[in-house]
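>>> A structural model of the following input is requested.
(one chain, ligands or ions: 3)
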Amino acid sequence: MEIKFSQDFNKEVLVINMFEGEKTEQELANTYAIEKDGFEGKLGQTYLLHTYGQIPAAKILVIGFGKKEEFNGNKMTEAIAKAIKKLKQIKAKTACFSLNVGLKYGKEAVIGAYIGDYAFDKYKTEKEHHLNEISFYGISEEDINEGIIFGEAMKFSRNLVNEPAEYATPTKLAELASSFEGLNTKIYNKDEVEKMGMGAYLAVARGSAEPPKFIHMKYSNGNPKKRIAIIGKGLCFDSGGMDLKPASSMLTMRDDMSGAACVLGVMRALNTIKPQDIEIHGIIAACENMPGQNAYKPGDILTAKNGKTIEVDNTDAEGRLTLADALCYASELEVDEIIDIATLTGACMVALGTVASGVMGNNKELIEKIINTAKESGEKYWELPMFDEYFKGLKSDIADMKNTGSRYGGASAAGMFLKEFVSENIKWTHIDIAGTAFLEKPQGIFIYGSTGAGVRTLLNYITK
Ligand code: BES
Ligand code: MN
Ligand code: ZN
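Ligands and ions are numbered 1, 2, ... in the order given. Sure thing, here's the model as predicted:
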(Lines give C-alpha, C1' and ligand atoms only; values in the text may rest on other atoms or scores of the structure.)
(Ligands and ions follow the chains in the order given, each with its own letter.)
Protein backbone atom coordinates (compact mmCIF):
# COMPACT_ATOMS: atom_id res chain seq x y z
CA MET A 1 0.00 0.00 0.00
CA GLU A 2 1.33 3.38 -0.95
CA ILE A 3 0.75 6.25 1.46
CA LYS A 4 0.71 9.80 0.16
CA PHE A 5 0.14 13.26 1.44
CA SER A 6 -2.39 15.06 -0.77
CA GLN A 7 -5.83 16.60 -0.97
CA ASP A 8 -6.86 14.18 -3.68
CA PHE A 9 -10.54 13.69 -2.95
CA ASN A 10 -10.89 11.99 -6.31
CA LYS A 11 -10.59 8.59 -4.69
CA GLU A 12 -12.98 5.68 -4.48
CA VAL A 13 -13.68 6.37 -0.82
CA LEU A 14 -13.49 9.61 1.13
CA VAL A 15 -12.80 8.85 4.77
CA ILE A 16 -13.77 11.49 7.32
CA ASN A 17 -13.69 11.53 11.09
CA MET A 18 -16.47 12.26 13.52
CA PHE A 19 -16.16 13.14 17.19
CA GLU A 20 -18.91 11.85 19.43
CA GLY A 21 -21.79 14.32 19.58
CA GLU A 22 -20.35 16.59 16.86
CA LYS A 23 -21.01 17.13 13.18
CA THR A 24 -18.63 16.12 10.39
CA GLU A 25 -17.31 18.38 7.63
CA GLN A 26 -19.51 16.65 5.01
CA GLU A 27 -23.21 17.56 4.79
CA LEU A 28 -24.04 14.19 3.20
CA ALA A 29 -22.61 12.36 6.17
CA ASN A 30 -24.41 14.62 8.64
CA THR A 31 -27.74 13.99 6.93
CA TYR A 32 -27.46 10.22 6.53
CA ALA A 33 -25.15 8.99 9.25
CA ILE A 34 -26.18 11.28 12.09
CA GLU A 35 -29.72 12.51 11.40
CA LYS A 36 -31.21 9.46 9.66
CA ASP A 37 -29.27 6.58 11.25
CA GLY A 38 -28.21 8.00 14.59
CA PHE A 39 -24.50 7.20 14.10
CA GLU A 40 -22.77 8.13 17.34
CA GLY A 41 -19.10 8.36 16.38
CA LYS A 42 -17.80 6.18 19.20
CA LEU A 43 -14.12 5.31 18.87
CA GLY A 44 -13.52 2.82 16.06
CA GLN A 45 -17.14 2.69 14.82
CA THR A 46 -17.54 3.07 11.06
CA TYR A 47 -20.44 4.17 8.83
CA LEU A 48 -20.44 3.73 5.05
CA LEU A 49 -22.61 5.65 2.60
CA HIS A 50 -22.84 5.85 -1.19
CA THR A 51 -22.64 9.33 -2.68
CA TYR A 52 -24.25 8.64 -6.11
CA GLY A 53 -22.24 11.31 -7.88
CA GLN A 54 -22.86 14.11 -5.38
CA ILE A 55 -19.11 14.37 -4.67
CA PRO A 56 -16.12 12.95 -6.64
CA ALA A 57 -15.69 9.98 -4.26
CA ALA A 58 -18.13 7.09 -4.79
CA LYS A 59 -18.43 6.43 -1.08
CA ILE A 60 -17.90 8.16 2.22
CA LEU A 61 -16.63 6.23 5.23
CA VAL A 62 -17.22 7.99 8.53
CA ILE A 63 -14.94 6.85 11.36
CA GLY A 64 -15.79 7.47 14.97
CA PHE A 65 -13.06 9.23 16.96
CA GLY A 66 -14.91 9.10 20.30
CA LYS A 67 -15.07 12.10 22.66
CA LYS A 68 -13.01 15.04 21.41
CA GLU A 69 -11.50 15.82 24.82
CA GLU A 70 -10.35 12.20 25.22
CA PHE A 71 -8.80 11.90 21.78
CA ASN A 72 -5.05 11.21 21.54
CA GLY A 73 -2.39 9.60 19.36
CA ASN A 74 -3.14 6.04 20.46
CA LYS A 75 -6.83 6.51 19.68
CA MET A 76 -5.87 7.87 16.28
CA THR A 77 -3.89 4.68 15.59
CA GLU A 78 -6.83 2.52 16.66
CA ALA A 79 -9.45 4.43 14.65
CA ILE A 80 -7.39 4.49 11.45
CA ALA A 81 -6.50 0.79 11.75
CA LYS A 82 -10.20 -0.02 12.05
CA ALA A 83 -11.04 2.22 9.09
CA ILE A 84 -8.45 0.43 6.94
CA LYS A 85 -9.85 -2.96 7.94
CA LYS A 86 -13.30 -1.75 6.86
CA LEU A 87 -11.90 -0.46 3.54
CA LYS A 88 -10.30 -3.85 2.92
CA GLN A 89 -13.57 -5.56 3.73
CA ILE A 90 -15.45 -3.52 1.10
CA LYS A 91 -12.56 -4.19 -1.31
CA ALA A 92 -11.72 -0.53 -1.88
CA LYS A 93 -8.55 0.13 -3.88
CA THR A 94 -8.03 3.80 -3.07
CA ALA A 95 -9.10 6.15 -0.30
CA CYS A 96 -8.49 9.71 0.84
CA PHE A 97 -8.51 10.43 4.56
CA SER A 98 -9.62 13.98 5.28
CA LEU A 99 -9.08 14.37 9.00
CA ASN A 100 -10.27 17.30 11.04
CA VAL A 101 -7.78 17.11 13.91
CA GLY A 102 -5.84 20.38 13.75
CA LEU A 103 -2.87 18.85 11.88
CA LYS A 104 -2.08 16.57 14.83
CA TYR A 105 -1.31 12.85 15.20
CA GLY A 106 -0.29 12.28 11.58
CA LYS A 107 2.41 9.87 12.60
CA GLU A 108 -0.01 7.81 14.69
CA ALA A 109 -2.54 7.81 11.83
CA VAL A 110 -0.04 6.31 9.41
CA ILE A 111 1.05 3.73 11.99
CA GLY A 112 -2.64 2.79 12.31
CA ALA A 113 -2.86 2.42 8.53
CA TYR A 114 0.09 0.02 8.55
CA ILE A 115 -1.39 -2.04 11.39
CA GLY A 116 -4.84 -2.19 9.76
CA ASP A 117 -3.35 -3.19 6.42
CA TYR A 118 -1.01 -5.83 7.82
CA ALA A 119 -1.36 -9.43 6.69
CA PHE A 120 1.10 -12.28 6.49
CA ASP A 121 -0.19 -13.93 3.34
CA LYS A 122 3.13 -14.65 1.63
CA TYR A 123 2.52 -18.40 1.83
CA LYS A 124 -1.18 -18.28 0.86
CA THR A 125 -2.16 -19.03 -2.70
CA GLU A 126 -5.12 -16.69 -2.38
CA LYS A 127 -3.93 -13.29 -1.19
CA GLU A 128 -5.95 -10.92 0.94
CA HIS A 129 -7.43 -7.81 -0.65
CA HIS A 130 -5.10 -4.84 -0.14
CA LEU A 131 -5.53 -1.15 -0.85
CA ASN A 132 -3.27 0.24 -3.56
CA GLU A 133 -3.04 3.80 -2.39
CA ILE A 134 -4.30 6.05 0.36
CA SER A 135 -3.74 9.74 0.86
CA PHE A 136 -3.99 11.87 3.99
CA TYR A 137 -5.12 15.45 4.28
CA GLY A 138 -5.49 17.53 7.42
CA ILE A 139 -2.34 16.29 9.15
CA SER A 140 1.25 17.33 8.58
CA GLU A 141 3.39 15.87 5.83
CA GLU A 142 6.39 15.62 8.15
CA ASP A 143 4.38 13.52 10.61
CA ILE A 144 3.24 11.27 7.80
CA ASN A 145 6.79 10.59 6.71
CA GLU A 146 7.75 9.74 10.27
CA GLY A 147 4.75 7.42 10.47
CA ILE A 148 5.91 5.63 7.35
CA ILE A 149 9.31 4.97 8.94
CA PHE A 150 7.66 3.56 12.09
CA GLY A 151 5.11 1.57 10.08
CA GLU A 152 7.78 0.03 7.88
CA ALA A 153 9.92 -0.86 10.90
CA MET A 154 7.01 -2.63 12.59
CA LYS A 155 6.07 -4.46 9.40
CA PHE A 156 9.64 -5.62 8.87
CA SER A 157 9.84 -6.90 12.43
CA ARG A 158 6.44 -8.63 12.29
CA ASN A 159 7.23 -10.36 9.01
CA LEU A 160 10.49 -11.69 10.36
CA VAL A 161 8.82 -13.16 13.45
CA ASN A 162 5.94 -14.67 11.48
CA GLU A 163 8.33 -16.42 9.10
CA PRO A 164 9.00 -20.07 9.93
CA ALA A 165 12.19 -20.85 11.87
CA GLU A 166 13.37 -22.63 8.73
CA TYR A 167 13.59 -19.19 7.10
CA ALA A 168 14.52 -16.89 9.98
CA THR A 169 17.71 -18.70 11.02
CA PRO A 170 20.63 -17.08 12.90
CA THR A 171 22.43 -16.91 9.54
CA LYS A 172 19.45 -15.12 7.98
CA LEU A 173 19.33 -12.57 10.82
CA ALA A 174 23.06 -11.94 10.35
CA GLU A 175 22.60 -11.49 6.59
CA LEU A 176 19.79 -9.02 7.14
CA ALA A 177 21.79 -7.07 9.73
CA SER A 178 24.72 -6.87 7.30
CA SER A 179 22.46 -5.58 4.53
CA PHE A 180 21.25 -2.48 6.44
CA GLU A 181 22.69 0.79 5.22
CA GLY A 182 24.34 3.44 7.34
CA LEU A 183 25.49 1.00 10.04
CA ASN A 184 28.82 -0.48 10.95
CA THR A 185 28.06 -4.17 11.40
CA LYS A 186 30.21 -7.01 12.63
CA ILE A 187 29.12 -10.65 12.68
CA TYR A 188 31.02 -13.00 14.97
CA ASN A 189 31.04 -16.69 14.03
CA LYS A 190 31.21 -19.58 16.47
CA ASP A 191 35.02 -19.64 16.73
CA GLU A 192 35.21 -15.92 17.43
CA VAL A 193 32.41 -16.16 19.99
CA GLU A 194 34.39 -18.91 21.68
CA LYS A 195 37.50 -16.72 21.77
CA MET A 196 35.47 -13.97 23.40
CA GLY A 197 34.61 -16.38 26.21
CA MET A 198 30.86 -16.51 25.77
CA GLY A 199 30.42 -19.91 27.40
CA ALA A 200 26.76 -19.46 28.33
CA TYR A 201 25.56 -18.41 24.87
CA LEU A 202 27.62 -21.10 23.13
CA ALA A 203 26.24 -23.85 25.38
CA VAL A 204 22.71 -23.00 24.27
CA ALA A 205 23.70 -22.97 20.60
CA ARG A 206 25.49 -26.34 20.76
CA GLY A 207 22.48 -28.62 20.31
CA SER A 208 21.48 -27.18 16.95
CA ALA A 209 22.75 -27.82 13.43
CA GLU A 210 22.28 -24.11 12.71
CA PRO A 211 25.50 -22.20 13.51
CA PRO A 212 25.19 -19.32 16.02
CA LYS A 213 25.75 -15.75 14.86
CA PHE A 214 26.62 -12.94 17.25
CA ILE A 215 25.48 -9.72 15.63
CA HIS A 216 26.76 -6.25 16.51
CA MET A 217 25.36 -3.30 14.55
CA LYS A 218 26.56 0.21 15.29
CA TYR A 219 24.98 3.51 14.38
CA SER A 220 26.86 6.71 15.07
CA ASN A 221 26.15 10.27 14.02
CA GLY A 222 27.96 13.44 15.01
CA ASN A 223 29.49 13.83 18.43
CA PRO A 224 27.67 11.24 20.53
CA LYS A 225 26.32 12.82 23.72
CA LYS A 226 24.74 9.53 24.63
CA ARG A 227 25.61 5.91 23.89
CA ILE A 228 22.89 3.27 24.07
CA ALA A 229 22.96 -0.49 23.48
CA ILE A 230 19.77 -2.35 22.62
CA ILE A 231 19.93 -6.13 22.93
CA GLY A 232 17.30 -8.48 21.48
CA LYS A 233 16.82 -12.11 22.51
CA GLY A 234 17.46 -14.03 19.30
CA LEU A 235 16.33 -17.61 19.84
CA CYS A 236 15.34 -18.49 16.29
CA PHE A 237 13.66 -21.56 17.70
CA ASP A 238 13.25 -22.67 21.31
CA SER A 239 12.44 -26.37 21.61
CA GLY A 240 13.42 -26.25 25.27
CA GLY A 241 16.55 -28.32 24.58
CA MET A 242 17.06 -31.51 26.65
CA ASP A 243 14.29 -30.21 28.95
CA LEU A 244 12.07 -30.45 25.91
CA LYS A 245 8.88 -28.40 25.84
CA PRO A 246 5.52 -30.13 25.44
CA ALA A 247 4.22 -29.90 21.85
CA SER A 248 1.58 -27.26 22.60
CA SER A 249 4.14 -24.89 24.17
CA MET A 250 6.65 -25.46 21.37
CA LEU A 251 4.25 -24.64 18.57
CA THR A 252 4.86 -20.88 18.44
CA MET A 253 8.50 -20.90 19.56
CA ARG A 254 9.67 -19.40 16.29
CA ASP A 255 8.58 -16.19 18.02
CA ASP A 256 11.47 -16.49 20.49
CA MET A 257 13.49 -14.10 18.32
CA SER A 258 10.92 -11.30 18.66
CA GLY A 259 13.37 -9.20 20.68
CA ALA A 260 15.95 -9.63 17.93
CA ALA A 261 13.38 -8.76 15.26
CA CYS A 262 12.55 -5.60 17.20
CA VAL A 263 16.21 -4.59 17.40
CA LEU A 264 16.68 -5.31 13.69
CA GLY A 265 13.60 -3.25 12.79
CA VAL A 266 14.82 -0.34 14.89
CA MET A 267 18.43 -0.44 13.62
CA ARG A 268 17.25 -0.69 10.01
CA ALA A 269 15.21 2.51 10.43
CA LEU A 270 18.08 4.59 11.83
CA ASN A 271 19.63 5.34 8.45
CA THR A 272 16.39 7.06 7.43
CA ILE A 273 15.73 8.84 10.73
CA LYS A 274 19.38 9.81 11.22
CA PRO A 275 19.16 10.84 14.89
CA GLN A 276 21.88 13.34 15.82
CA ASP A 277 24.72 13.18 18.33
CA ILE A 278 23.94 9.68 19.45
CA GLU A 279 25.53 6.27 19.21
CA ILE A 280 23.33 3.18 19.14
CA HIS A 281 24.49 -0.41 19.33
CA GLY A 282 22.15 -3.20 18.24
CA ILE A 283 23.23 -6.55 19.67
CA ILE A 284 21.85 -10.05 19.08
CA ALA A 285 23.25 -13.39 20.24
CA ALA A 286 21.33 -15.46 17.69
CA CYS A 287 21.01 -19.23 17.93
CA GLU A 288 18.54 -22.10 18.30
CA ASN A 289 17.83 -24.15 21.43
CA MET A 290 17.66 -27.76 20.24
CA PRO A 291 18.22 -31.19 21.83
CA GLY A 292 20.83 -32.34 19.25
CA GLN A 293 23.61 -34.76 20.12
CA ASN A 294 25.89 -31.93 21.27
CA ALA A 295 23.21 -30.27 23.33
CA TYR A 296 24.05 -28.81 26.72
CA LYS A 297 22.64 -30.77 29.65
CA PRO A 298 21.01 -30.13 33.00
CA GLY A 299 23.81 -30.11 35.58
CA ASP A 300 26.39 -28.62 33.22
CA ILE A 301 28.37 -25.68 34.57
CA LEU A 302 28.90 -22.78 32.20
CA THR A 303 31.22 -19.78 32.42
CA ALA A 304 29.89 -16.50 31.07
CA LYS A 305 32.03 -13.77 29.51
CA ASN A 306 32.45 -11.96 32.85
CA GLY A 307 33.78 -15.11 34.52
CA LYS A 308 30.66 -15.92 36.55
CA THR A 309 29.66 -19.59 36.62
CA ILE A 310 26.17 -20.94 36.07
CA GLU A 311 24.75 -24.35 36.93
CA VAL A 312 22.24 -25.43 34.30
CA ASP A 313 19.08 -26.23 36.23
CA ASN A 314 16.83 -26.26 33.17
CA THR A 315 17.89 -26.07 29.53
CA ASP A 316 14.63 -24.32 28.69
CA ALA A 317 15.78 -21.22 30.57
CA GLU A 318 18.13 -20.54 27.66
CA GLY A 319 17.26 -16.95 26.82
CA ARG A 320 18.90 -15.58 29.97
CA LEU A 321 22.07 -17.55 29.14
CA THR A 322 22.38 -15.99 25.69
CA LEU A 323 21.51 -12.57 27.12
CA ALA A 324 24.08 -12.96 29.91
CA ASP A 325 26.94 -12.96 27.41
CA ALA A 326 25.33 -10.25 25.29
CA LEU A 327 24.96 -8.05 28.41
CA CYS A 328 28.65 -8.61 29.28
CA TYR A 329 29.60 -7.67 25.73
CA ALA A 330 27.47 -4.49 25.85
CA SER A 331 28.89 -3.61 29.30
CA GLU A 332 32.40 -3.75 27.85
CA LEU A 333 31.38 -1.14 25.27
CA GLU A 334 30.96 1.21 28.26
CA VAL A 335 27.70 2.62 26.92
CA ASP A 336 25.52 4.88 29.09
CA GLU A 337 22.43 2.72 28.86
CA ILE A 338 21.53 -0.86 28.01
CA ILE A 339 18.02 -1.91 27.09
CA ASP A 340 17.32 -5.58 26.51
CA ILE A 341 14.09 -6.87 25.03
CA ALA A 342 13.21 -10.55 25.23
CA THR A 343 10.46 -13.17 25.08
CA LEU A 344 11.97 -14.35 28.33
CA THR A 345 9.49 -16.01 30.67
CA GLY A 346 6.15 -17.78 30.59
CA ALA A 347 5.82 -16.37 34.12
CA CYS A 348 5.63 -12.83 32.77
CA MET A 349 2.86 -13.98 30.46
CA VAL A 350 1.01 -15.55 33.41
CA ALA A 351 1.33 -12.28 35.36
CA LEU A 352 0.45 -9.72 32.69
CA GLY A 353 -1.28 -11.76 29.99
CA THR A 354 -0.95 -10.73 26.36
CA VAL A 355 -1.81 -7.15 27.29
CA ALA A 356 1.33 -5.76 28.92
CA SER A 357 5.09 -6.31 28.82
CA GLY A 358 7.10 -6.56 32.06
CA VAL A 359 9.84 -4.06 32.85
CA MET A 360 12.72 -4.37 35.32
CA GLY A 361 16.11 -2.72 35.70
CA ASN A 362 18.72 -1.15 37.93
CA ASN A 363 17.70 2.48 37.50
CA LYS A 364 14.32 3.84 38.52
CA GLU A 365 14.54 6.85 36.23
CA LEU A 366 15.26 4.82 33.11
CA ILE A 367 12.50 2.34 33.96
CA GLU A 368 10.01 5.18 34.28
CA LYS A 369 11.18 6.83 31.07
CA ILE A 370 10.73 3.57 29.16
CA ILE A 371 7.28 2.93 30.66
CA ASN A 372 6.15 6.48 29.80
CA THR A 373 7.53 6.24 26.28
CA ALA A 374 5.62 2.97 25.81
CA LYS A 375 2.42 4.64 26.96
CA GLU A 376 2.82 7.38 24.35
CA SER A 377 3.73 4.79 21.72
CA GLY A 378 0.58 2.68 22.02
CA GLU A 379 2.20 -0.09 24.08
CA LYS A 380 1.56 -1.11 27.68
CA TYR A 381 4.54 -1.75 29.95
CA TRP A 382 4.34 -2.58 33.64
CA GLU A 383 7.10 -2.67 36.22
CA LEU A 384 7.86 -5.95 38.01
CA PRO A 385 9.85 -6.09 41.27
CA MET A 386 13.53 -6.89 41.71
CA PHE A 387 13.77 -7.87 45.38
CA ASP A 388 17.00 -9.58 46.49
CA GLU A 389 14.99 -12.62 47.62
CA TYR A 390 14.35 -13.50 43.99
CA PHE A 391 18.06 -14.00 43.46
CA LYS A 392 18.41 -16.16 46.58
CA GLY A 393 16.17 -18.67 44.83
CA LEU A 394 18.90 -19.11 42.21
CA LYS A 395 21.51 -20.21 44.75
CA SER A 396 23.63 -23.14 43.55
CA ASP A 397 25.67 -25.61 45.62
CA ILE A 398 28.33 -25.95 42.94
CA ALA A 399 28.40 -22.69 40.93
CA ASP A 400 27.82 -18.94 41.38
CA MET A 401 24.15 -19.35 40.48
CA LYS A 402 21.61 -21.62 38.81
CA ASN A 403 19.72 -20.53 35.73
CA THR A 404 16.30 -21.24 37.29
CA GLY A 405 14.72 -21.57 40.71
CA SER A 406 11.14 -21.69 41.87
CA ARG A 407 8.32 -21.55 39.35
CA TYR A 408 6.86 -18.68 41.39
CA GLY A 409 8.00 -15.16 40.58
CA GLY A 410 9.81 -16.47 37.50
CA ALA A 411 9.87 -13.18 35.60
CA SER A 412 11.57 -11.38 38.49
CA ALA A 413 14.04 -14.23 39.06
CA ALA A 414 15.02 -14.01 35.39
CA GLY A 415 15.50 -10.26 35.77
CA MET A 416 17.73 -10.80 38.82
CA PHE A 417 19.75 -13.36 36.87
CA LEU A 418 20.36 -10.88 34.03
CA LYS A 419 21.43 -8.18 36.50
CA GLU A 420 24.53 -10.29 37.35
CA PHE A 421 25.91 -9.60 33.88
CA VAL A 422 25.45 -5.84 33.68
CA SER A 423 28.15 -3.42 34.87
CA GLU A 424 26.80 -1.68 37.94
CA ASN A 425 27.71 1.77 36.61
CA ILE A 426 25.56 1.33 33.50
CA LYS A 427 21.83 2.12 33.53
CA TRP A 428 19.97 -0.97 32.42
CA THR A 429 16.38 -1.91 31.63
CA HIS A 430 14.98 -5.32 30.76
CA ILE A 431 11.69 -5.66 28.84
CA ASP A 432 9.96 -9.06 28.94
CA ILE A 433 7.69 -9.37 25.89
CA ALA A 434 6.85 -13.09 26.26
CA GLY A 435 3.13 -12.34 26.40
CA THR A 436 2.88 -9.41 24.02
CA ALA A 437 5.13 -10.32 21.10
CA PHE A 438 2.95 -12.95 19.47
CA LEU A 439 -0.83 -13.35 19.57
CA GLU A 440 -2.43 -16.76 19.18
CA LYS A 441 -5.73 -15.04 18.52
CA PRO A 442 -6.55 -11.52 17.29
CA GLN A 443 -6.54 -8.76 19.91
CA GLY A 444 -7.70 -5.18 19.32
CA ILE A 445 -6.27 -4.01 16.00
CA PHE A 446 -3.73 -6.86 15.82
CA ILE A 447 -4.27 -10.09 13.88
CA TYR A 448 -2.89 -13.55 14.71
CA GLY A 449 0.90 -13.62 14.97
CA SER A 450 3.61 -11.08 15.66
CA THR A 451 2.72 -7.61 16.97
CA GLY A 452 6.06 -5.86 16.46
CA ALA A 453 6.33 -5.42 20.23
CA GLY A 454 8.91 -2.87 21.30
CA VAL A 455 9.50 -1.30 17.89
CA ARG A 456 7.45 1.86 18.43
CA THR A 457 8.65 2.33 22.00
CA LEU A 458 12.36 1.88 21.25
CA LEU A 459 12.22 4.05 18.13
CA ASN A 460 10.48 6.82 20.07
CA TYR A 461 12.89 6.46 22.98
CA ILE A 462 15.93 6.69 20.73
CA THR A 463 14.72 9.55 18.59
CA LYS A 464 13.43 11.73 21.44
N1 BES B 1 10.98 -18.60 25.34
C2 BES B 1 10.52 -19.04 26.59
C3 BES B 1 9.53 -18.07 27.24
C4 BES B 1 8.19 -17.88 26.55
C5 BES B 1 7.08 -18.55 26.98
C6 BES B 1 8.07 -16.99 25.50
C7 BES B 1 5.87 -18.36 26.36
C8 BES B 1 6.87 -16.79 24.88
C9 BES B 1 5.76 -17.47 25.30
C10 BES B 1 11.68 -19.22 27.54
O11 BES B 1 12.89 -19.58 26.95
C12 BES B 1 11.33 -20.34 28.46
O13 BES B 1 11.19 -21.44 28.01
N14 BES B 1 11.16 -20.03 29.73
C15 BES B 1 10.80 -21.00 30.69
C16 BES B 1 11.67 -20.79 31.91
C17 BES B 1 11.54 -21.86 32.94
C18 BES B 1 12.20 -23.13 32.45
C19 BES B 1 12.18 -21.37 34.19
C20 BES B 1 9.34 -20.79 31.05
O21 BES B 1 8.92 -19.65 31.15
O22 BES B 1 8.62 -21.77 31.18
MN1 MN C 1 13.06 -21.69 26.74
ZN1 ZN D 1 13.14 -19.07 25.01
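>>> all contacts plus neighbour counts: C-alpha atoms, from now on.
Fine.
>>> where does the stretch 301-450 of the chain come near ligand 2, residue by residue?
Contact residues (Cα under 5 Å from the ion) of the stretch 301-450 of the chain with ligand 2: 316, 317.
>>> try 8 Å this time
Selection of the stretch 301-450 of the chain residues close to ligand 2 by Cα under 8 Å from the ion yields 315, 316, 317, 318, 319, 344, 345.
>>> so where does the third one fall, helix or strand?
So that's residue 317. Assigned by DSSP states H and E, residue 317 falls within no helix or strand.
>>> SS state for the closest residue to ligand 2 within the stretch 101-250 of the chain?
Relative to ligand 2, the nearest point of the stretch 101-250 of the chain is residue 240 (4.8 Å; Cα to the ion). Assigned with DSSP: H, G, I helix; E, B strand; the rest coil, residue 240 falls in the coil class.
>>> residues touching the closest residue to it other than its chain neighbours, list them.
Here the nearest residue to residue 240 in space, its sequence neighbours aside, is residue 316; by Cα to Cα, 6 or more residues apart in numbering that works out to 4.1 Å. Listed by Cα atoms under 8 Å, 6 or more residues apart in numbering, the contact set of residue 316 reads 238, 239, 240, 241, 242, 243, 244, 245, 289.
>>> Doesn't residue 369 belong to a helix?
Yes. The assignment for residue 369 is a helix, going by three-state DSSP.
>>> For burial, what's the neighbour tally of it?
Residue 369 has 12 neighbours, counted by other Cα atoms under 10 Å.
>>> how far away is it from residue 279?
According to Cα to Cα, to the nearest Å, residue 369 stands 19 Å off from residue 279.
>>> cool, and residue 109?
29 Å.
>>> between these two, which one's more packed in?
Taking neighbours as other Cα under 10 Å, residue 109 and residue 279 compare with residue 109 leading, 28 against 21.
>>> For the more buried one, which non-adjacent residue is closest in space?
The spatial neighbour of residue 109 that comes closest, neighbours along the chain excluded (Cα to Cα, 6+ apart), is residue 77 at 5.1 Å.
>>> Just to check, that neighbour is in contact with residue 112?
Yes. Using Cα atoms under 8 Å, residue 77 is in contact with residue 112, at 4.0 Å.
>>> List the contacts of the residue nearest to residue 109.
The contact partners of residue 77, by Cα under 8 Å, 6+ apart, come to 108, 109, 110, 111, 112, 113.
>>> these two touch, right, the fourth one and residue 150?
This points to residue 111. Yes. Using Cα under 8 Å, residue 111 is in contact with residue 150, at 6.6 Å.
>>> Could you check which of those two is surrounded by more residues?
Neighbours per residue (other Cα under 10 Å) separate residue 111 from residue 150, with residue 111 holding more: 29 against 25.
>>> pretty sure the more buried one is in a helix, no?
Yes. According to three-state DSSP, the state of residue 111 is that of a helix.
>>> Apart from its neighbours in sequence, what residue is nearest it?
residue 151 (5.0 Å).
>>> Around residue 155, how many other residues sit close by?
Going by other Cα under 10 Å, the residues that sit close to residue 155 add up to 24.
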